[in-house]
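K.L.:
Provided below for reference: sequence and predicted model.
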Amino acid sequence: MNKHLLLVEDASMYPSVQQIDTFPIYKDCNRLLRGVRYLHFKSGILSRYKTIWFSDWKKQISRYTDIVMMDSIYDYTPLQYIRKQNPHANIRFCFRNRVDERITHSVQHRRPSELRNEYACELWSYSKEDCATYDMVYYDQFFIIPEDIQNKSLPISLDAYFIGEEKNRMGQLMKIKKMLDDLGLITRFEVVVKDPHRTFNEEESRLLVPKRPYSEVLDTILRSRCIIDVVGEINYGMTYRSLEACFLKKKLITNFAEIVDADFYNPKNIFILGRDDINTIKAFVMSPFDDTNAEHVDRYSFNYFCHRIFGLDN
């Protein structure tokens, strides 16, 4: 009987790990019920019945000694329930987003001081800046390759691919796209905009797309030689795009200069904008992926993350 519990947003995305039970924080619901659930949590009406939305972990919560909860929560109700039913459990709250970054639900329910002082949570984050600011434990960003992608091979049809939210970086993206297009490279830029009030010129609007299923994104990455990664001025730590490139053996063009400190950094695979010679970028994209540092990839696997945060023996 496992004593370790992992609570996540969508359990179907996470592979099984020995000694750990994984459940979604909330039950899987259709679109209509998700709307009802959101209103229930947001309104504060009939608060005592919010537990009806919890998945099956609530039936056996008292038997776990160690619990890790990801940061996709509507409010503190899951933590309140755990503390009532299992007051002595060790709870580690894992930030997959920056503390001040708005996520699917509400940022107000991820305050480090409340999580630590009111619910006795140990706080973990992939952001070195947040770890320093809020006294959190640092963990290496991890990447999960879906099983149906692991051994999948698709013909290359793109030289460089970007997908991501706009996040006030449209100007940067347009410059990078023009530079690569002018070199004769085949590019595809897909920009997702969540703010309906943002306006763009005709050329920028051609890049706008609705949010795509991640399986489709991965298929496009597999068809690409190179992934483009553009971060903001704030150091967000290791990006997910960097790990996608590393695990899927794709070249990476990035403006994240700190990536030189990563143990998998290889100048044959990673081109740093503003640092590397721009005149060599086409040759970089067209050259084959170099597997020299492949042994470092496991450190960024989900299995490694689980063993570290739960303190399990490898």
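P.N.:
Sure thing, it's come through.
K.L.:
for Cys131, list the residues it contacts.
P.N.:
Ser125, Val137, Tyr138 (Cβ atoms under 8 Å, 6 or more residues apart in numbering). No exception for glycine: its C-beta is placed from N, CA and C like everyone else's.
K.L.:
run the last query once more with 6 Å
P.N.:
Cys131 makes contacts with Ser125, Tyr138, as judged by Cβ atoms under 6 Å, 6 or more residues apart in numbering.
K.L.:
do you know how far it is from Arg98?
P.N.:
Cys131 is 11 Å from Arg98, where distance means Cβ to Cβ, to the nearest Å.
K.L.:
pLDDT weak spots in the stretch 151-300 of the chain?
P.N.:
233-237 (pLDDT under 70).
K.L.:
tell me where it has strands.
P.N.:
158-165, 187-192, 224-229, 251-254, 270-272 (DSSP state E, counting those that start in this stretch).
K.L.:
including distance to Asp10 and mean neighbour count, could the ones you listed go into a markdown table?
P.N.:
Compiled in a markdown table, the strands of the stretch 151-300 of the chain are given as follows (distance: least, Cβ to Cβ, whole Å; neighbours: other Cβ atoms under 10 Å):
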| stretch | distance to Asp10 | mean neighbour count |
| --- | --- | --- |
| strand 158-165 | 19 | 20 |
| strand 187-192 | 19 | 19 |
| strand 224-229 | 23 | 23 |
| strand 251-254 | 26 | 23 |
| strand 270-272 | 30 | 20 |
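K.L.:
wait, which of those is closest to Tyr74?
P.N.:
Proximity to Tyr74, assessed across the strands of the stretch 151-300 of the chain by Cβ to Cβ, is greatest for strand 158-165 (21.5 Å).
K.L.:
ok, that closest one: who's next to it in the sheet?
P.N.:
The strands beside strand 158-165 in its sheet (DSSP bridges) come out as strand 187-192 (parallel), strand 224-229 (parallel).
K.L.:
and the residue nearest to Asp195 when sequence neighbours are not counted, how close does it get to Thr51?
P.N.:
Distances taken as Cβ to Cβ, 6 or more residues apart in numbering place Glu166 nearest to Asp195, at 7.8 Å, with adjacent residues excluded. Plainly put, Glu166 is 37 Å away from Thr51 if you go by Cβ to Cβ.
K.L.:
who's more crowded, these two?
P.N.:
Glu166 (17 against 12; other Cβ atoms under 10 Å).
K.L.:
how about stretch 15-35, which residues are buried there?
P.N.:
Val17, Ile20, Asp21, Thr22, Phe23, Pro24, Ile25, Tyr26 (16 or more other Cβ atoms under 10 Å).
K.L.:
give me the distance between Phe264 and Leu218.
P.N.:
Here Phe264 is placed at a distance of 19 Å from Leu218 (Cβ to Cβ).
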